[in-house]
Structures are given as C-alpha cells and as structure tokens.
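Peer 1: when you get a sec, could you give me coordinates for this:
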Amino acid sequence: MKLLQSDKFHQKNNKRGGMLVLVLMIFGVSLILISSALSITSSSRSRYYVDVERSQERLTLTCAAEAVIDAIEAQEITDAQLQQMSTNTHAEYRITGASKTSVKNGAAASDGSANIAPGLSTNASNGTVMKVTPVAGSKDIILDFSTKIIVTGDNTKAENLRVYMKYTPPAPVPDVCENMVTCGEEGSYNDIPKLEVNGTESYTVFHGDVELSSGSGSYIHNPTVITGNVKGGAGTIYHNDVIFYGPKAGIYIPSPGNGVTIASGEGDFYFLGVAMGETSGQLSLFKNSSGAAVSGSGMNLKADGAYFYNTKMTVGDWTLSGNGAGTTYWVAGSGSNLNRTNQWDGGNIIVKDGGSVSTVSTSTNVVYNSIADVTDSATQTAYARLKSRASNYLSNTALKAAAERQIPTSAEQTAIYGAYRTGETIPNISGVQNLHGNKAYKLTGGTYSYGRVRINLAEGDATIYVAGNCTFKSFCFEVSNATTHKLTFVLDYGVTMKFDQQPDFWNSITDPTTGTSYPYVQGILSCDERNGYNFASPHGGDLRGKSGTEPAAIVIGLGKNVFEASRAQVVDAYISLAGTGTDASTVVLKDKVHFYGRFEAVKVDTGNSDNLKMQNCPKLGSSGGGDTPLTTCYSAQSYEYYVA
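Peer 2: Predicted coordinates:
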C-alpha cells in the first residue's frame, strides 16, 4: 500500500514539473516575442522619426524656395540684388523663421525660430541655407537650397533643392517718337498752319523746309529745333527757345511782314553752326528760295535776345532791330561774323564773345568788345542768360540727339516690324468684340463701320497688322490695362489707316452679349489714361488725355503710309510713320481731333480749321505716368530634389 501511494505521489510531482517547464517555455517564448516587438517598435519608431524629419525637411525646403522665388517675382529681391549675390559664390544665405512668436502653454517667446518653425533656425543642425551661383557665359543663375533637421541623430543628411533661374532680357522699348514732334527731311516742304504744342518737355523738331503760315495761330511751348529753312508766319508764336541747329539751318525771307516771334520773357534765338552728321561749316542765317545766303531784310525776328555761334549773318532794315518788333540783345559767339548794313529804327546792344561784328553806325548800335565793358545791369543779365544757355545747348547730348533724330527709312522700320505680318485675322467687325493681350491679330483691309473693339492688355502686349487700306466709321479701339503693355498697329507698306467721321456718331452701340450701350466714340482710346468716362459730348469735348501718362497704342508705318484722323476722333498713340524720299509718309491730325501722344513723319497735315492741341506726353518707356511696377527678368525653369 505504501508503495502504491509512492507511485502516485511521483506521478503527481512529474505532472507539476511538466507544467513548470511548460510555463517556463511559454515565458521564454513570451520574452522573445516581447523583445522582438520592442525591437520592432523601436526600429519602426526610429524610422518614423527619420521619415518625419525628412518630410519636414522637404516641406521646409520647398516652402523656403517658394518664398524666395515669390520674392524675386515681386522684386522684393531685385534682379540687381540677385546678380550681386551671384558674384559671391562662397556665400551662404541662411533663411530663418520668426525670431519672436506669441504662443501658449508656457513656451518661451524666443522659441519661434527654433521650435515653431523647424528647419528655419539659426542652428546649423536645424536650418536652411541658400547659395546663388552664376551660370558661365550667361546671366542665368542657380539657386541651391539645403535644409537639415537633426533630432534623433539617425538622419544626418540634408534635403536639397536646385532651381535653375533663366534670365530673359526685357523687351526693348521701341525707338520711336523721341521728340514730341519730328517732321520733314532735307529737301522736303511742310506747311503746318495750326500746331499747338503745350508741353515744355522734349523738343519740336523741323527738318527740311517748313512754313508756319501767315495768320496760322500756331503756339509752341517746348524748345523748337530747326535744322532746315523756316518760313515765318505772322501769328505764329513760340513760347520757348528757338534753336537753329547745324550748318543747313536758316530762315527763308518771304514777303515783308512775316517773321519769327518768341513771346516776351519766354525764350531767345540760338543760331548754332555746329557739325551735324557729316555736314560741318558756318550757318548762313538768311537764305533765298534756292538756299543761297542773302542779306536779311524786311522781316520781323522778335525775341528777348539772340546768340550766334559759328554763324554768318548780314542784316539790314528793321530785321532783328532793337525796336518793339525786334531783338535788342545780341551775343556774337565764337566763329560768328555779324554785319548790319543799315539801321533806321531802334538799336542793338551787341557783346562780342569771340565773334566779329561790323556796323554802319554806332549811334544806334552799341558794341562791346567783352562783357567786362558792359556797365548796365540789363545787358549783363541778358548776356549771362544767353551765354549760359548757349553753353548748355552746345554740349547738350539730348539736344544733339533730338536734332539728329531723322524719320526712319522704310527699310529700317520693315526690318524690325515686318515680322508682325502673321496673326489671327479679325473679321469685318460690327458691334462689340473683345480681344486679348499677348496675341497677334491682322486686318485685311476694307471699311469697318459701327463697331467697338475692346482690347484688354492684362495678359501682355498685342499687335494688329493692317495689311490693306482701312477706313473706320463710327468705330473705336478701346484699350485697357495698358500701364506696362501696348497695343501696336503696324501698317504695311503703302497702307492708309483712316478714321472717318460719320454724321450719326452721337448715337450709341449696344453690346449684344451684355446689353450695355456705348456712344460711338471714334478712334483709338486709352481708357485708363483719360480724364473721366463721360462721353456725353458728341464731339468728345471732355476727352482729354492725362498729361504725363503714356498712351496705350503705337502706330508704326512701314513706308508710304497715311494715318488720318480729324474732327470728333480720339487718338491716343505714338505715331511713327517710316519712309523718306519717294517712300515718305503723311500723318493727318486736323480740325480739332482729340490727339494725345507724339508723332513723327516726313509730311504733316494739321488742317486749317482748328489747332492741333498737343499736351505733354512722355517719351515711350519713360514711365511718365507714375511708378511702374518692377518686373523680374528671371523665371524658374527646372527643380531638382536630392539628398546629400
């Protein structure tokens, strides 16, 4: 019995031992599984942190690069600054976040740069830097951005982005209408009876032979430059200096009574025999119809004073005499030979300044060998003014450029603008049609009546190539968003572009899309640059361009063109019609046309009814209308991410 009990006892103990072994085995396996799980979890967490770091690096890097490129596009970082940065190839520009941030939960205000904006601190292991490198042989540059965020120590590499910035030179400003008015060429003749230039800026330049007809009522307020022969007309008054420039300049003596008059206190004569182009020599002031030098006689030349440089002049009778209809103060500058053959009313006060003077009588003429001999203050004041302005004119490169500015030849203009011949054809428009910027259009020619083309230049410049003769009746080109862009009309060789008055121009036109009614305002209208939008006056009497702003349009002629607009028409444009000799073009702006701009052409027709009133219009591209927004010449061409 005892033995039997012992066996049972041993069996029971064996069972308990087996359970213990089993428990120990399970526990061991559990330890292995737990250790593996902990190891896997630790590894996953480490990879997760690394992924987070790299994702944050990529995010920070991209945002920093976008911020810099946006700043370049907005010119907060200017092109000049960017190019200057590229010259220092060893420099690193650190991009940081805010240095102070208002946060909650007890975080320090100084934590902004290090904690609130990871990857944008001043710490090298938690920051973003940029390098600017030039591309050899061009103005292109490369922006290299690098962001590094090291928290775990497992990710020591940086996320990098390379951006290639392409430099595109700005479009050149067209070389047109350098002067307010440029007309004529050597050998041409212009009769300009009703010209009124009201701005004092720039120049009015007459080449060839020009006549401001008797009783014309022309008024010119900016300096006038004459390089050929002028035939004066009673009633024409200059309100600024009149400068005879070059050896071929002079005055053609017409019938007695005509002349050249400068309003009292507003200007003087300057006779400057300077070299012009390939022509040099003395300026012979008075000429006959064949251009030969003659004695000036029987003609009014009235101004406060006159300065002669390298000029030959023989004068008699009352021409340039010192009475109420003449010019009292003369200065005989270097190279000048002045000879008065007769004097029968009024005298001249003449100061030698390197030139020679001959007079018939010293009883009516006073000649001083130098300013040092002058005692009266009026003559001293006049001499100082004439001497100072003459010195400026003789050395003034702007005046030289204005005087030498010639009408472009047909070949010159075609070489630049002939490429505009292709474009989307505009149909025979009637009603209202909308066109867009950054596009090229073409008109085949014909008559266009009762229409309005609205061109929005917000997307860029636009061109309209006029391939055939066009007549526009009760028709308007309305140009908007033209602050930095222009609409350019290009007239093919021999083409006429005419805005013709209709008897029913006061009626309205309705846009079929919107139902909006518009008056038949006619011509080319810069709607951004007009004072008011009230077109109630059928003649557009309240339409006046804003002086000092640039018109929205440019009219280019390739030779033998005619551009015409007259009463009731609105023309806001720079008009440059090429062609000299047999290719000469004509600009017709007459009879109270509402013109705002500048023009140049060999032939000019200002009509004989109402004055062509010209307000001050700035040179094309001079941004006279105020501050023009800065634009960048750089654009991002490619992005390359890499880890290193």
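
Peer 1: show me the domain layout of this structure.
Peer 2: Under the assignment automatic domain parsing, the domains of the chain span 44-171+634-643, 208-404, 410-614.

Peer 1: gap between the shortest one and the chain center?
Peer 2: Yep, that's domain 44-171+634-643 we're talking about. The chain centroid and the centroid of domain 44-171+634-643 are separated by 36 Å, computed with Cα atoms, centre = their mean, to the nearest Å.

Peer 1: quick one: contacts for the nearest residue to residue 206 once chain neighbours are set aside?
Peer 2: Among residues not flanking residue 206 along the chain, residue 226 sits closest, at 5.1 Å (Cβ to Cβ, 6 or more residues apart in numbering). Placement of C-beta: from N, CA and C, glycine included. Remark: with contacts taken as Cβ atoms under 8 Å, 6 or more residues apart in numbering, residue 226 is in contact with 205-206, 210, 242-245, 249.

Peer 1: so which of those residues are in strands?
Peer 2: Counting by DSSP state E, the contacts of residue 226 place 205-206, 210, 242-245 in strands.

Peer 1: how far away is residue 411 from residue 492?
Peer 2: Distance of residue 411 to residue 492, computed by Cβ to Cβ, to the nearest Å: 14 Å.

Peer 1: neighbour-wise, which of the two wins?
Peer 2: residue 492 (23 against 14; other Cβ atoms under 10 Å).

Peer 1: pLDDT at the residue lying closest to that one once chain neighbours are set aside, what is it?
Peer 2: Nearest residue to residue 492, sequence neighbours excluded (Cβ to Cβ, 6+ apart): residue 467, at 5.2 Å. Each residue has a pLDDT score; the one for residue 467 is 94.

Peer 1: assumed residue 28 was part of a helix.
Peer 2: Yes: the assignment for residue 28 (DSSP: H, G, I helix; E, B strand; the rest coil) places it in a helix.

Peer 1: count the neighbours of it for me.
Peer 2: Neighbours of residue 28 (other Cβ under 10 Å): 10.

Peer 1: that one and residue 18, how far apart?
Peer 2: Remark: distance between residue 28 and residue 18 (Cβ to Cβ) = 15 Å.

Peer 1: and the strands in the stretch 251-400 of the chain, which stretches?
Peer 2: With DSSP state E, counting those that start in this stretch as the criterion, the stretch 251-400 of the chain has strands at 259-262, 269-272, 283-284, 286-287, 300-302, 305-309, 311-315, 329-333, 337-340, 349-353, 356-359, 366-368.

Peer 1: ok, which of the domains of the chain comes nearest residue 177?
Peer 2: domain 410-614 (3.8 Å; Cβ to Cβ).

Peer 1: end to end on the closest one, go ahead and measure it.
Peer 2: One end of domain 410-614 sits 26 Å from the other (Cα to Cα, to the nearest Å).

Peer 1: just stretch 553-573 next, same as before
Peer 2: The separation between the terminal residues of stretch 553-573, taken as Cα to Cα, is 5 Å.

Peer 1: still on that earlier bit, with respect to residue 51, which of the strands of the stretch 251-400 of the chain lies nearest?
Peer 2: Here strand 269-272 is closest among the strands of the stretch 251-400 of the chain (Cβ to Cβ), at 79.9 Å.

Peer 1: other residues contacting that closest one?
Peer 2: Residues from elsewhere that reach strand 269-272 (Cβ under 8 Å, 6+ apart): 241-246, 249, 260, 262, 283, 285, 301, 303, 305-311, 313, 327, 336, 389-390, 393-394.

Peer 1: walk me through which strands that strand pairs with, and which way each runs.
Peer 2: If you go by DSSP bridges, strand 269-272 pairs up with strand 242-245 (parallel), strand 305-309 (parallel).

Peer 1: JSON lines for those, including mean neighbour count, distance to residue 585 and mean pLDDT?
Peer 2: Below are those laid out as JSON lines (neighbours: other Cβ atoms under 10 Å; distance: least, Cβ to Cβ, whole Å; pLDDT from 0 to 100):
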{"stretch": "strand 242-245", "mean neighbour count": "25", "distance to residue 585": "24", "mean pLDDT": "96"}
{"stretch": "strand 305-309", "mean neighbour count": "27", "distance to residue 585": "34", "mean pLDDT": "96"}
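
Peer 1: any idea which of those strands gets closest to residue 77?
Peer 2: strand 242-245 (45.6 Å).

Peer 1: show me the contact partners of the closest one.
Peer 2: Under Cβ under 8 Å, 6+ apart, the answer for strand 242-245 is 223-227, 250-251, 260, 262, 267-272, 274, 276, 283, 285, 303, 311, 393, 399, 403.

Peer 1: again with stretch 493-504
Peer 2: For stretch 493-504, using Cβ under 8 Å, 6+ apart, the contacting residues are 410, 414, 445, 449, 466-475, 489, 491, 520, 522-524, 555, 557-569, 571, 583.

Peer 1: now do the strands in the stretch 1-150 of the chain.
Peer 2: Counting by DSSP E, counting those that start in this stretch, the strands of the stretch 1-150 of the chain are 93-95, 126-134, 141-149.
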